[in-house]
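Colleague: Have a look; sequence and predicted model below, questions after that.
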Amino acid sequence: MPVSSQEFRDAMARLGAAVNIITTDGAAGQGGITATAVCSVTDDPPTLLVCLNRTSPRSALFLTNRVLCVNTLSAGQSAFSNAFSAPSDEAAMASRFAVGVWGKLVTGAPVLEGAAASFDCRITEVMEQGTHSVVFAKVQAVRFAEMAAGCLMYYARSYHGLPIGQG
């Protein structure tokens, strides 16, 4: 018997994941989304995999600009996740970047000050799978915060701050 979309979503709610704000800027414009579908592919060359929902109008910005920054949120940054996860038009997107302090590294994609880690990347390959574009992005620069802040996780459809152990 096939697994239904709802059963799959319910099971995925039990797979804890780091919360990320994925940003871009370039000829197609500035934009950002909240995503948990991010993982390391290899460290030689440093490459990440990011999944973008093709039905989102913001996905085209990433694919046209060909740059992105994965900003992994610190434990106290759930407000950023909420801001970037809501549907928006262009004017609303600009107001989201008014929240927080943003800088740039190599590619020009916005980098969030205080993020647990930021990975500034150039898109090298895109594969289509079902409803999503699977993006491979070569890391051009990184920046990371002090470990004391911890990391923001998403599990069972809610946020959880992951504290740093005293090991």
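Modeller: Okay, I see it.
Colleague: contacts and neighbour counts: CA atoms only from here.
Modeller: Will do.
Colleague: Any regions of this protein where pLDDT drops low?
Modeller: Along the chain, the model assigns pLDDT under 70 to residues 88-91, 148, 165-167.
Colleague: Over to R122. Which of the three states is it?
Modeller: Secondary structure state of R122, per DSSP: H, G, I helix; E, B strand; the rest coil, is strand.
Colleague: Would you report the backbone torsion angles of V106?
Modeller: Backbone torsions of V106, given as degrees, to the nearest 10, read phi -100, psi -50.
Colleague: Tell me which residues touch it, please.
Modeller: D120, Q140, A141 (C-alpha atoms under 8 Å, 6 or more residues apart in numbering).
Colleague: And it, how far from S81?
Modeller: Distance of V106 to S81, given as C-alpha to C-alpha, to the nearest Å: 23 Å.
Colleague: Repeat that for R143.
Modeller: In this structure, R143 and S81 are 19 Å apart, going by C-alpha to C-alpha.
Colleague: Check A28 too.
Modeller: Note on A28: its distance to S81, by C-alpha to C-alpha, is 23 Å.
Colleague: If you count surrounding residues, which of the two has more?
Modeller: Comparing A28 with S81 by other C-alpha atoms under 10 Å, the one with more neighbours is S81, at 18 against 14.
Colleague: secondary structure element for that one?
Modeller: With elements delineated by DSSP states H and E, S81 resides in helix 78-85, which encompasses its position.
Colleague: so what does that helix touch, helix or strand wise?
Modeller: Using 3 or more C-alpha pairs under 8 Å, 6 or more residues apart in numbering; DSSP states H and E as the contact criterion, the secondary-structure elements in contact with helix 78-85 are strand 20-24, strand 31-35, helix 90-96.
Colleague: Top of the contacts of V106 by number of neighbours, please.
Modeller: D120 (28 neighbours).
Colleague: Next up, the contacts around that one.
Modeller: Contacts of D120 were listed using C-alpha under 8 Å, 6+ apart, and they are 67-70, 105-107, 109, 111, 139-142.
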